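Q: sequence-free structure coming up:
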């Protein structure tokens, strides 16, 4: 199988790239070459920017692929360009969507691929929905060979996943725990969530590549382990030998201080969801996520602790978190007076 990954060096895609090479897939990665150290041995690099569509067309003019995976398409403009570029160059185009596209708030806790796609809280999710609609219309009208994959919160050894943390320096939440600082869990801490290790995601994803039965279908690929955000916080704390001091704060209150956070909270992580993975298991027999969060986060902590340069702290985030906590505690005190 000959495959092209557009991107291929992110948290999710790097694990898929590594497994693809191990499985003997003839893998090409088209990207700007900024993270060449993450390209697995055996994969071939094509330097280019998919956003420069005419240049990409020139670079790829002599190539054809069995599978093209677009890891970096985020809006309609992106997918329309990809449709025209790859219409006659591949037998399967896999679009990476997001599990945030599912109905918020959900009318039913169990999420299947047929759950309505509507998210009034997060533009990112609405853009992904629009992309899906364009691609499925192209499949219906012109037989464009699309498969849609909707990852949920997927992490690997280089990430510490949490509901409210720095987006650029993930060690920050652990540093707060170790220093005895309060950490914010939006809501009351009982919202259910699923964290999926990237190596587990990769197993399901590889099974969709070149799978002709997957054309025209959408899939999510997640773990079956369901945890509350309080449990997640305590598991992270346990991995570094501390008991985190959790403070529960409503998402709307957090959003008043951090408007950019509200979409990812009300439109995603603060909403309880349980994913039904029966479809991916039906199309990829034998798929089963096997890395528990206890195991996965230990690996992440070990990776960060192996190099002090990885344990950078986002002081700007710390200032924001402390500001929110102080304001909330003052509001509680006033309410009691």
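A: Sure thing, it's come through. What you see is a predicted model, and the numbers here were worked out from it, not measured in a lab.

Q: C-alpha from now on. contacts and neighbour counts both.
A: Will do.

Q: for the chain, what spans make up the helices?
A: Here the chain has its helices, by DSSP state H, at 11-22, 53-59, 76-86, 123-142, 172-178, 198-208, 229-239, 251-257, 262-264, 278-283, 293-305, 315-336.

Q: So which of these is nearest residue 150?
A: helix 123-142 (9.6 Å; CA to CA).

Q: which other residues reach that closest one?
A: Helix 123-142 has contacts (CA atoms under 8 Å, 6 or more residues apart in numbering) with 74-76, 79-80, 83, 97-98, 100-101, 117-120, 144-146, 148, 216, 263, 267.

Q: how about CSV for the helices of the chain, with mean neighbour count added?
A: Converted to CSV, the helices of the chain look like this (neighbours: other CA atoms under 10 Å):
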stretch, mean neighbour count
helix 11-22, 21
helix 53-59, 14
helix 76-86, 17
helix 123-142, 18
helix 172-178, 20
helix 198-208, 22
helix 229-239, 20
helix 251-257, 17
helix 262-264, 21
helix 278-283, 16
helix 293-305, 18
helix 315-336, 14
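
Q: Now render the ones you listed as TSV, adding mean pLDDT.
A: Shown next, in TSV, are those (pLDDT from 0 to 100):
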stretch	mean pLDDT
helix 11-22	96
helix 53-59	92
helix 76-86	95
helix 123-142	98
helix 172-178	98
helix 198-208	98
helix 229-239	98
helix 251-257	96
helix 262-264	94
helix 278-283	98
helix 293-305	98
helix 315-336	96
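
Q: May I see these organised as JSON lines, with distance to residue 66 added?
A: Listed next are those as JSON lines, based on distance: least, CA to CA, whole Å:
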{"stretch": "helix 11-22", "distance to residue 66": "13"}
{"stretch": "helix 53-59", "distance to residue 66": "17"}
{"stretch": "helix 76-86", "distance to residue 66": "11"}
{"stretch": "helix 123-142", "distance to residue 66": "17"}
{"stretch": "helix 172-178", "distance to residue 66": "42"}
{"stretch": "helix 198-208", "distance to residue 66": "12"}
{"stretch": "helix 229-239", "distance to residue 66": "39"}
{"stretch": "helix 251-257", "distance to residue 66": "44"}
{"stretch": "helix 262-264", "distance to residue 66": "34"}
{"stretch": "helix 278-283", "distance to residue 66": "18"}
{"stretch": "helix 293-305", "distance to residue 66": "32"}
{"stretch": "helix 315-336", "distance to residue 66": "44"}
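
Q: what residues are up against residue 192?
A: Residue 192 neighbours (CA under 8 Å, 6+ apart): 226-229, 271-274.

Q: nope, residue 214 is what I was after
A: 147, 208, 283.

Q: Make JSON lines from the residues you listed and add distance to residue 307 to it.
A: Formatted as JSON lines, these follow (distance: CA to CA, whole Å):
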{"residue": "147", "distance to residue 307": "39"}
{"residue": "208", "distance to residue 307": "36"}
{"residue": "283", "distance to residue 307": "40"}
